[in-house]
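K.L.:
how would this look folded up:
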Amino acid sequence: MTGAVTPPRADSLPHPPLLLFVLGIAGSGAEVLGAALRARLAPPPLHILCGQSLADLAPEAEVAPRPTLTLLMGLEGSCTPAEQAAREAADARLRNDLAQAGLAYRVIYGAGEQRVAQALRTIKASMPGALSPADQALLDPALDPATERSTRLRAGGCEKCSDPACEHRLFSALLGRG
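P.N.:
Here you go, the predicted model:
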């Protein structure tokens with residue numbers, strides 16, 4: 001039968017680009033984190049947009065308006081009470097804008113490499129396929145000192161221990177995360 005159109009196989013269709021929004025109020029480090037992620041991660045299919053508001057991302061996001069993942073910078077650092085109130089109000093507006101747009105987000109805390117590592121772990125957990133094998137190697141628990149744990153958890157006496165690292169190891173082991 002001539003003229004019949006055969007639909008393309010599902011595995012031959014192009015995959016939509018993975019879009020990551022990195023948002024945070026002025027001075028939160030969103031642009032710094034975005035640059036660090038761009039430097040660390042392989043190029044597309046992961047596209048990273050950074051800004052202080054959704055409006056900042058609107059022109060670039062027209063190609064793929066719904067992000068696969070949105071990272072929001074947590075409020076950190078010391079400042080005066082008046083500055084803190086202004087920062088909290090700006091952060092609340094940003095969170096409200098995300099809620100109004102129906103966008104879920106993950107909050108990222110930390111500084112420098114700690115923040116980058118948390119963002120990478122979040123990307124790995126939330127965007128399967130976003131990380132190349134080389135990027136996955138960056139997150140290998142065997143290479144991450146934060147996942148280091150003793151070969152044996154302390155037996156008994158936990159209620160008297162008060163060692164945060166020990167508690168973390170205990171609960172991580174119970175949850176099967178470490």
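
K.L.:
wait, what's in contact with the closest residue to Leu98 other than its chain neighbours?
P.N.:
Distance criterion Cβ to Cβ, 6 or more residues apart in numbering; nearest residue to Leu98, sequence neighbours excluded, is Tyr105 at 5.5 Å. All C-beta atoms are positioned from the backbone trio N, CA, C, and that covers glycine. Counting by Cβ atoms under 8 Å, 6 or more residues apart in numbering, Tyr105 touches Phe21, Leu23, Thr70, Leu71, Leu72, Arg95, Leu98.

K.L.:
helix/strand/coil for the fourth one?
P.N.:
Translated: Leu71. strand (DSSP: H, G, I helix; E, B strand; the rest coil).

K.L.:
What is the neighbour count of it?
P.N.:
For Leu71, the count of nearby residues is 27 (other Cβ atoms under 10 Å).

K.L.:
What separation is there between Val116 and Ala89?
P.N.:
28 Å (Cβ to Cβ, to the nearest Å).

K.L.:
Just put the contacts of Tyr105 in CSV and tack on distance to Gln84 and pLDDT.
P.N.:
Converted to CSV, these look like this (distance: Cβ to Cβ, whole Å; pLDDT from 0 to 100):
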residue, distance to Gln84, pLDDT
Phe21, 25, 91
Leu23, 19, 93
Thr70, 24, 93
Leu71, 22, 94
Leu72, 17, 94
Arg95, 16, 94
Leu98, 21, 92
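
K.L.:
Just the buried ones from the residues you listed?
P.N.:
Phe21, Leu23, Thr70, Leu71, Leu72, Leu98 (16 or more other Cβ atoms under 10 Å).

K.L.:
Looking at the residues you listed, spot the one nearest Pro133.
P.N.:
Nearest to Pro133 out of the buried ones among the contacts of Tyr105 is Leu71 (Cβ to Cβ; 22.4 Å).

K.L.:
so whichever helix in the chain runs longest versus strand 69-73, what angle?
P.N.:
Across the chain, the longest stretch assigned as helix under DSSP state H is helix 81-100. Put simply, helix 81-100 runs at 170 degrees to strand 69-73, going by axes from the mean of the first three to the mean of the last three Cα atoms, to 10 degrees.
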